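# Provide a 3D model corresponding to the input given below.
(one chain, ligands or ions: 1)
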Amino acid sequence: MKNFSSDRALKFTESVIREMTRICLKHHGVNLAQGFPDFPAPSEIKEAAVKAIRDDFNQYAITWGTPALRQAIAEKFAWYNGVSVDPEREITVCCGSTEAMISSLMATVNPGEEVIVFEPFYENYGPDTILCGAKPRFVPLHEPDWVFDEAELTRAFNDRTKAIILNTPNNPTGKVFSRPELQLIADLCMKWDVIAVTDEIYEHILYDGATHISLASIPGMRERTITINSISKTYSLTGWRVGWAIAAEPLTASIRKVHDFLTVGAPHPLQEAAVVALRTDRGFYKTLAEEYRQRRDVLLGALENAGYRVFSPRGAYYIMTDVGHFGFRDDVDLALNLVEKGGVATVPGSSFYSHPSLGTTKIRFCFPKKMETLIQAAEKLKGFKNFMKQ
Ligand SMILES: Cc1ncc(COP(=O)(O)O)c(C=O)c1O
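Predicted coordinates for the structure are as follows:
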C-alpha cells in the first residue's frame, strides 16, 4: 500500500510535550513536562459551567462566539491591555489559543510567504507554519537573558515576510518582551507591511516587577496585530478549549471563515462560563502571580540544589535549564533517564528549536503544580542527582 499521509503531515512529528505526558503516566512520574495545573480551577467558574449546561446552552453557539463572551473579552482587553475593540466585528472565539493561532495563520499567510518566529519557540508554531505552507524564519533569543539582536531581526524581514509570531510572556524562556523591543518589532512590521500574531496567554503570570505590554497597544499596530489569548492558563482551565483572536475587521472576517470550517465553534456552555472567568475580581490576578512566584522559587531552588543551571523566568510558568555538564548523550537521553529512573517528566530542549542540535543541552521544567507536587519533584530530583553520581 502507498503512504497515504499528506506531504504536509509528514513534515512534522507528534508533539514531544504531549508524548512526555504519556511516558510520564507509564512511569507514574511527576509531570513537569506539559503545562497544565494539577490544582482545581476556581469553583465559581466551574459552577457557572454546570449551570450553563443545566440551563441548556447545549447547542451550537454563534460560530465566532457568544455575544456575552465577546463583550467580556472586549471589556477585559480594554482595561488590562489598553486597546478598545468592537466585539461584533473584531473578536473570534476559538477552541483554545491553539486553534486561534492556526486559524489566524491560515487566514492570512499564503504558501511560500515567510513567517518570522523567535527561537526557542513554543513547539506548535513550527507545525502551524508548515500547515499553511509558509516558510518559517527563525530569529534567535540569546541566553542568558533571551535578548534578540536588532541586526538579526532586521535581516529577517524582507519582501516575502507576511507575519511575525510573538509570544510574551514567553514559553519556554520566561522572557517578557520590553517596550523598546516591542517598538522595534512594531517599526519593522510597519516598514515591511507585515502583520504580527501575538500569543499572550501568560499575560497575568509575571514576576519581579515585569509588566505585560500588548503589541496591539503600540501606536500603529492595532490594525496589523492579531492578539491571541485563552482561559487555559489564567483560570487553570486548559481542558475547556476556549480561546480567541482579536484583530481588525478585515483580518477578523478571514479568521472567522477559517475558524468556522475548522471547528464551527468552541463549546457553548463553557463559553457562557468563560464570561464569569473574565469578569473575575481584579484581585484574582495579583494572587495568581504571587502564587506562581512562590512555585517558581521552590522549583528554582530544587533545580539549583540538584545541579541544574537555571534561567530564572520573568513570566509564564516554565524554567529552562542547561544540563550540558551532566554528561548525557543529549537532551532526549537525559529527559528519558529522568522520567524512567528519576520519576520526573520534562521536555527535551530540542523540541523548542528548528534544529535539534541547538537545544541538546537544554531541558524545560514547568511549575503549574501544587506545592506538594513540587516538593515531591524536588525529592526526586535529589534522588536522580545521587543516581547520576553512581
Ligand atoms: C505559548 C502557548 N500558546 C498556546 C498554548 C496552548 O493554549 P490553549 O490551551 O489556549 O490552546 C500553550 C500551552 O502550553 C502555550 O504555552
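# Ranking helices and strands of the protein by mean pLDDT, which lands last?
helix 16-26 (a mean of 86; mean pLDDT, DSSP states H and E).
# now check that one, is it near the ligand?
No. Under the criterion of CB under 6 Å from any ligand atom, helix 16-26 makes no contact with the ligand; the nearest approach is 7.4 Å. Every C-beta, even on glycine, is put in place using the N, C-alpha and C of the backbone.
# Begin at 56 from now on, thanks
Sure, I'll start numbering at 56, so the last one becomes helix 71-81.
# Buried ones in that helix, by neighbour count?
Across helix 71-81, burial judged by 16 or more other CB atoms under 10 Å covers 71-72, 74-76, 78-79.
# ok, the closest residue to the ligand within the stretch 306-445 of the chain - how many residues close by?
In the stretch 306-445 of the chain, the residue that lies nearest the ligand is residue 371 (7.2 Å; CB to the nearest ligand atom). For residue 371, the tally of surrounding residues (other CB atoms under 10 Å) stands at 30.
# Please apply the same query to residue 356.
Other residues lying near residue 356 total 13 when counted by other CB under 10 Å.
# Now name the helix or strand holding it.
Using DSSP states H and E, the element containing residue 356 is helix 338-360.
# Show me what that helix is packed up against.
In terms of contacts (3 or more CB pairs under 8 Å, 6 or more residues apart in numbering; DSSP states H and E), helix 338-360 is packed against strand 364-366, strand 373-377, helix 426-444.
# between that helix and helix 426-444, how many degrees?
Put simply, helix 338-360 runs at 20 degrees to helix 426-444, going by axes from the mean of the first three to the mean of the last three CA atoms, to 10 degrees.
# Now do helix 338-360 and strand 373-377, the angle between them.
20 degrees.
# what does helix 338-360 contact?
Here helix 338-360 makes contact (CB atoms under 8 Å, 6 or more residues apart in numbering) with 87, 97, 259-262, 289, 365, 367-368, 372, 374, 376, 420, 422-424, 426, 429-430, 432-433, 436-437.
# Can you give me the neighbour number for the residue nearest to residue 433 when sequence neighbours are not counted?
Of all residues not flanking residue 433 in the chain, residue 357 sits nearest, at 3.4 Å (CB to CB, 6 or more residues apart in numbering). When neighbours are counted by other CB under 10 Å, residue 357 registers 23.
# same question, residue 294
Residue 294, neighbours per other CB under 10 Å, totals 10.
# and if you look at residue 349?
Going by other CB under 10 Å, the residues that sit close to residue 349 add up to 12.
# what's the answer for residue 99, then?
When counting by other CB under 10 Å, one arrives at 12 neighbours for residue 99.
# immediately after the least confident helix or strand of the chain, which helix or strand?
Going down the chain from helix 71-81, the next helix or strand is strand 85-86, by DSSP H and E.
# and that following strand, what's its mean pLDDT?
Averaged across strand 85-86, pLDDT comes to 94.
# could you point out which element follows it?
helix 98-109.
# what residues are up against whatever residue of the stretch 56-205 of the chain ends up closest to the ligand?
Using CB to the nearest ligand atom, the single residue of the stretch 56-205 of the chain nearest to the ligand is residue 151, 2.8 Å away. Counting by CB under 8 Å, 6+ apart, residue 151 touches 285, 287, 296-298, 321.
# overlap between these and the residues near the ligand?
Applying CB under 6 Å from any ligand atom to these, those adjacent to the ligand are 285, 287, 298.
# got the residues of the stretch 106-255 of the chain near the ligand?
Within the stretch 106-255 of the chain, the residues that sit near the ligand (CB under 6 Å from any ligand atom) are 151-153, 177, 222, 226, 254.
# how about the helices in the stretch 56-205 of the chain?
With DSSP state H, counting those that start in this stretch as the criterion, the stretch 56-205 of the chain has helices at 62-65, 71-81, 98-109, 122-131, 151-163, 180-186, 205-211.
# Among the contacts of helix 338-360, name the buried ones.
Buried, going by 16+ other CB under 10 Å: 87, 97, 259-262, 289, 365, 368, 372, 374, 376, 420, 422-424, 429, 432-433, 436, out of these.
# about what we covered before: of the helices of the stretch 56-205 of the chain, flag the one that's most buried.
For those, the largest average neighbour count (mean count of other CB atoms under 10 Å) is found in helix 151-163, namely a mean of 24.
# Check the burial of the nearest residue to residue 130 once chain neighbours are set aside by counting its neighbours.
Excluding its sequence neighbours, the residue lying closest to residue 130 (CB to CB, 6+ apart) is residue 333, at 7.6 Å. By other CB under 10 Å, 20 other residues sit near residue 333.
# Distance-wise, check residue 333 relative to residue 107.
For residue 333, the distance to residue 107 equals 14 Å [CB to CB, to the nearest Å].
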